[in-house]
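Asks: Need coordinates for the below:
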Amino acid sequence: MDKYNFSIRKLTREDFDKIVEFRKNFAPSPVLKSNEADIYKWKCFDNPLGEGWIWIAEYENKIVSTASMTIKYFKVLGTLVTSAETGDTFTHPDYQRKGLFTRLCRSTKEEAIQKGINFIYGFPNNNSLPGYIKHLDYLQLNRPALYYLARPLNLKNVLKSKGINFFPIN
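Replies: Got it, this is the predicted structure:
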């Protein structure tokens, strides 16, 4: 019998300090400072596309594992499809290999189904990829036709505010 009695539940606003503390165990994202409470507030409550969710595992009143879904949209054959991106699948090293990744990802998937999400996807690293395929029935797309688009509206001023003079022309 497992000596751990994990509590599995959905993250609440009251948990933001705990999740920030938990994320200090991992390197910050090179793109976003995803250990900042504001990122989690945006993902869960303030995303203009729709509220996301994070499921957590706790042990002794500390978060030890997380998994999230963030609402996104895809255009498929001209139709806008509500989707969700998996992410924030972190487990503290002391609690790995105890099924938390699978339990939390199943919880996020079940919530996506309840919310009427049509498509979920993710970009797993080499550690989590086998779990998605073996335990969670995800399909691996070797060459997904996904496009990342960006349209800077006022990039010069953004860079300038950061002290970067990338555009030497006024």
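Asks: and the closest residue to Tyr121 other than its chain neighbours, what element?
Replies: Once flanking residues are discounted, Tyr121 sits nearest to Glu85: 6.1 Å by Cβ to Cβ, 6 or more residues apart in numbering. Where you see a C-beta, it was placed from the backbone N, CA and C, and this is true even at glycine. Per DSSP states H and E: Glu85 is located in strand 79-91.
Asks: With Ile71 as the reference, measure out to Asn126.
Replies: Applying Cβ to Cβ, to the nearest Å, the value for Asn126 to Ile71 is 26 Å.
Asks: ugh, wrong one, I meant Leu136
Replies: In terms of Cβ to Cβ, Leu136 sits 19 Å off from Ile71.
Asks: What is the burial count for the residue nearest to Tyr121?
Replies: 16 (other Cβ atoms under 10 Å).
Asks: what pairs with it across the strands?
Replies: Thr70, Tyr121 (DSSP bridges).
Asks: The closest residue to Thr89 other than its chain neighbours and Gly52, how far apart?
Replies: Leaving out its chain neighbours, the residue that sits closest to Thr89 by Cβ to Cβ, 6+ apart is Ala67, at 4.8 Å. Distance, Ala67 to Gly52, by Cβ to Cβ: 11 Å.
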